[in-house]
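S.K.: let me see the structure of the following:
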Amino acid sequence: MKRLALAAVGALAVVAAIGSANAADMGRRTAMPTKAVPYVALYNWTGAYVGINGGGGWGRSNFSAPVATGDFNTRGGQVGGTIGYNVQSGQAVFGLEGDLDWSNVRGSSACGVGLTCETRNTWLGTARGRVGYAFDRFMPYITGGLAVGGVKNSISGFGDTTTTKAGYALGGGIEAALAGPWTAKVEYLYADLGRVSAPLGADARAKENIVRGGLNYRF
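M.R.: Got it, this is the predicted structure:
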């Protein structure tokens, strides 16, 4: 019995040794070399930029005076330059942006017996804050701030008035990083300069919707 027990223990030891050797050999055969995955940095929106923008605007103008009243559409093109600065914290992007555009948003209508009233926005500038959320190279944003523009109101036969008026602008858009330091954007702005003086003691409301694209160069 004792010899039988010793033989059984010896057999188990041999089986265990064989199994351990096979497992080690299998581990050596199945182990695959690992390769480090390169780190890809996310796009960083922090920094200054300059650019150009262009698009079109449309709105309404309404003359109000005892002898000249009219309510009509305005529309036209705009083109100009942009300057700004962004600071990124996590995915949030905070910025300041200013632009100055030549504008030809205008419209006219009959506004009394034999009279024609016209409103024209000759230039428009804005100074706005921007808050965006970066999805790597894409950034949707909202924006708002000061709007200043030149408005020319005229009544046929009674001359015209040209006024620089301040108001506000609100809107939003999306900006995308292109190759190198270039980015492109599409945005919508609503600009309201309030009521602006006109001949014959009249005044007219100057407000417009703007859709434009832009191309920026980041430093």
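S.K.: what about the strands in this protein?
M.R.: Assignment of strands within the chain using DSSP state E yields the ranges 47-64, 70-89, 92-112, 115-133, 138-155, 160-177, 182-197, 203-218.
S.K.: switch these over to a markdown table; also include mean neighbour count and mean pLDDT.
M.R.: Using the backbone N, CA and C atoms, a C-beta is placed for each residue, glycine as well. Listed next are the strands of the chain as a markdown table, based on neighbours: other CB atoms under 10 Å; pLDDT from 0 to 100:
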| stretch | mean neighbour count | mean pLDDT |
| --- | --- | --- |
| strand 47-64 | 18 | 93 |
| strand 70-89 | 17 | 95 |
| strand 92-112 | 19 | 93 |
| strand 115-133 | 20 | 95 |
| strand 138-155 | 19 | 96 |
| strand 160-177 | 17 | 96 |
| strand 182-197 | 18 | 95 |
| strand 203-218 | 20 | 93 |
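S.K.: mind listing what residue 56 touches?
M.R.: For residue 56, the contacting residues are 75, 76, 77, 78, 105, 210, 211, 212, by CB atoms under 8 Å, 6 or more residues apart in numbering.
S.K.: in the sheet, who's paired with it?
M.R.: residue 77, residue 211 (DSSP bridges).
S.K.: relative to residue 101, how far out is it?
M.R.: From residue 56 over to residue 101 the distance is 11 Å, taken as CB to CB, to the nearest Å.
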